[in-house]
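*Asks:* sequence isn't available, so here's the structure alone:
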């Protein structure tokens, strides 16, 4: 019997049974491994950390995309940084009103392998005429992008170690601010409050974003295959408040069926436990 | 290196490191094991399943107690079924307005061992003059209790297998209804939506409770050491709606410091993911 095991913290680990390893390689950026199992279907890891599996990817991709569109249903130009599995692009492309999606993934191998092994997230993304796929450094891309050129930036990154590190810096968030139009929204992978190291990443990212964007909030969701199952996204914006300005009725008109997201949950997801709020507001 | 491992589903397991086993015994009802570790402190299992640990017991105990009191701050008489670790009683007893707490735990050994090894939950409970501790079958106790004798019943049970099974039956919920006064609230341990077996327990419990109580809702929280980390309580009542009737300002007057619960989170916790709502409403 084969088990993929991830160390969630010093004293805690999580294991998933698999039938076989579909593919393993070391790309220019990271170790990439694809597994095939029963309950979780196909899943892949980067540098040994769970990224996407067929059982619960819908949770992550619903929550990284739909709250922004329910807050501003007029979003037309979207920049995705990272997101190599394609799931974030897949959800964005469901909005027929979106005109242009630029996805900047540093590691082309992740996307190509997901096209082959994980069509649930990657299928159809490259074929959509509104997509512009770029395999390059997201930080450099944003530095060179014109002012106010996107309505929404989604940072679908790994943890702020190794490849993803630059996407958790003040310099990067400042460039995002500049590149967003006056109603712009920034969504970012915001780590987790439960284990100490993740909580430290969470607090530092929030502090940086809050220093740049007038509106900076954090929302939570249940992601069982990520450490502790308690995971967060950041919602930062120049104008819109994700709770006060939610346009639930407008969003319903898109007619999108979602398995995790709904507009009640949207509002509820910004109601954080007291210890999380305190940790976010704590000075270092 | 020693690891306590729990099988969360067919293809998924969760492990916590411990330094030593503090105590193991087979009581008249179940296998009881206490462990001591670093990150999770002292923890104990019943029949090999995680019950309580020092790192995240505050989440479970905040969420099983405070939503009921914020909905009806006038609660005076409380019945706890199960809850042998003492944590639920501890939180209830923080309300000075509570006059009487009956705790009916079938297995006295659980409570005695928690007094010894887990004072974080059990300390002071027996000494409080408002407490009546009874070590007997909860189902039988409720059958024999007078009509309308409690404001709140909290079912702090194990899973609906072995010892806890009777606490997930229609007959039991009917007795709870009878024993609750006209404003009465029933809170119950409601399993989890993510893994198929837990979701089946969740759906069946909800169906039964909904057939008896005019108000029957489910709320969620992040409990990292329970399977999937996505865990639920049921809120059933004769009169009060936990969202519309929340008395946030009244609850604030109690002046209780809570690490997980707050009245915003209270409302947010009833906003469930779409797949959970569908599963709860689905006919078998």
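*Replies:* Sure thing, it's come through. Just so it is clear, the model here is predicted, and its values are computed rather than measured.
*Asks:* for the rest of this, base every contact and every neighbour count on C-alpha atoms.
*Replies:* Will do.
*Asks:* so residue A:217 touches residue A:232, yeah?
*Replies:* No. Between residue A:217 and residue A:232 there is no contact under Cα atoms under 8 Å: 10.3 Å.
*Asks:* now residue A:158: how far from residue A:78?
*Replies:* Computed as Cα to Cα, to the nearest Å, the residue A:158 to residue A:78 distance reads 19 Å.
*Asks:* between those two, who's got more neighbours?
*Replies:* Using other Cα atoms under 10 Å in any protein chain shown, the more surrounded residue of residue A:158 and residue A:78 is residue A:78, with 25 against 20.
*Asks:* OK, contacts around residue A:262?
*Replies:* By Cα atoms under 8 Å, 6 or more residues apart in numbering or on different chains, the residues touching residue A:262 are B:273, B:274.
*Asks:* swap in residue A:172?
*Replies:* Residues near residue A:172 by Cα under 8 Å, 6+ apart: A:139, A:142, A:143, A:166.
*Asks:* which one (most neighbours) among those residues?
*Replies:* Neighbour counts for the contacts of residue A:172 (other Cα under 10 Å) peak at residue A:142, which has 22 neighbours.
*Asks:* what segments of the stretch 1-150 of chain A are helices?
*Replies:* Here the stretch 1-150 of chain A has its helices, by DSSP state H, counting those that start in this stretch, at A:57-71, A:87-93, A:108-117, A:119-122, A:138-144.
*Asks:* residue B:114: which of those is closest?
*Replies:* Nearest of the helices of the stretch 1-150 of chain A to residue B:114, taken as Cα to Cα: helix A:57-71 at 37.1 Å.
*Asks:* who touches that closest one?
*Replies:* For helix A:57-71, contacts defined as Cα under 8 Å, 6+ apart pick out A:75, A:87-88, A:91-92, A:152, A:154, A:156, A:185, A:187-189, A:221-223, A:233, A:235, A:240-243, A:245-248, A:250-251, A:258-261, A:263, A:266.
*Asks:* one more pass at 7 Å, please.
*Replies:* Contact with helix A:57-71 is made by A:75, A:87-88, A:91-92, A:185, A:187, A:223, A:233, A:240, A:242, A:245-248, A:251, A:259-261, A:266, as judged by Cα atoms under 7 Å, 6 or more residues apart in numbering or on different chains.
*Asks:* enumerate the residues of the stretch 1-150 of chain A near chain B.
*Replies:* For the stretch 1-150 of chain A, the contact set with chain B under Cα under 7 Å from any Cα of the partner chain comprises A:11, A:12, A:13, A:14, A:15, A:16, A:17, A:39.
*Asks:* I'd like those residues as TSV, with neighbour count appended.
*Replies:* As requested, the residues of the stretch 1-150 of chain A next to chain B are exported to TSV (neighbours: other Cα atoms under 10 Å in any protein chain shown):
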residue	neighbour count
A:11	16
A:12	22
A:13	19
A:14	23
A:15	20
A:16	23
A:17	20
A:39	18
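*Asks:* ok so, going back, list only those of the contacts of helix A:57-71 flagged as buried.
*Replies:* Taking 16 or more other Cα atoms under 10 Å in any protein chain shown as the criterion, what is buried in the contacts of helix A:57-71 is A:75, A:87-88, A:91-92, A:185, A:187, A:223, A:233, A:240, A:242, A:246-248, A:251, A:260-261, A:266.
*Asks:* one step back: which among the contacts of residue A:172 gets closest to residue A:131?
*Replies:* Taking Cα to Cα as the measure, residue A:131 lies nearest residue A:142 of the contacts of residue A:172, at 16.9 Å.
*Asks:* spatially nearest residue to the closest one (excluding sequence neighbours)?
*Replies:* Sequence neighbours aside, residue A:175 is the residue nearest to residue A:142 in space, at 6.2 Å (criterion: Cα to Cα, 6 or more residues apart in numbering or on different chains).
*Asks:* ok, the one you found touching residue A:144?
*Replies:* No. Using Cα atoms under 7 Å, residue A:175 makes no contact with residue A:144, being 9.0 Å away.
*Asks:* so between the two, which is more surrounded?
*Replies:* The neighbour comparison of residue A:175 against residue A:144 (other Cα under 10 Å) goes to residue A:175, with 19 against 10.
*Asks:* tally up the residues packed near the residue in the stretch 151-284 of chain A positioned nearest to chain B, please.
*Replies:* Across the stretch 151-284 of chain A, no residue is closer to chain B than residue A:268, which sits at 3.6 Å (Cα to the nearest Cα). Neighbourhood size, residue A:268 [other Cα under 10 Å]: 23.
*Asks:* wait, a strand at residue A:181?
*Replies:* Yes. Using DSSP: H, G, I helix; E, B strand; the rest coil, the assignment for residue A:181 is a strand.
*Asks:* for residue B:139, see how far away it is.
*Replies:* Using Cα to Cα, residue A:181 is found at 62 Å from residue B:139.
*Asks:* cool, and residue A:125?
*Replies:* As judged by Cα to Cα, residue A:125 and residue B:139 stand 56 Å apart.
*Asks:* and residue A:146, by the same measure?
*Replies:* 68 Å.
*Asks:* okay, buried residues for the lowest-mean-pLDDT helix or strand in chain A please.
*Replies:* None of the helices or strands of chain A scores lower by mean pLDDT, DSSP states H and E than helix A:196-210, at a mean of 94. Using 16+ other Cα under 10 Å as the test for burial, helix A:196-210 gives A:198-210.
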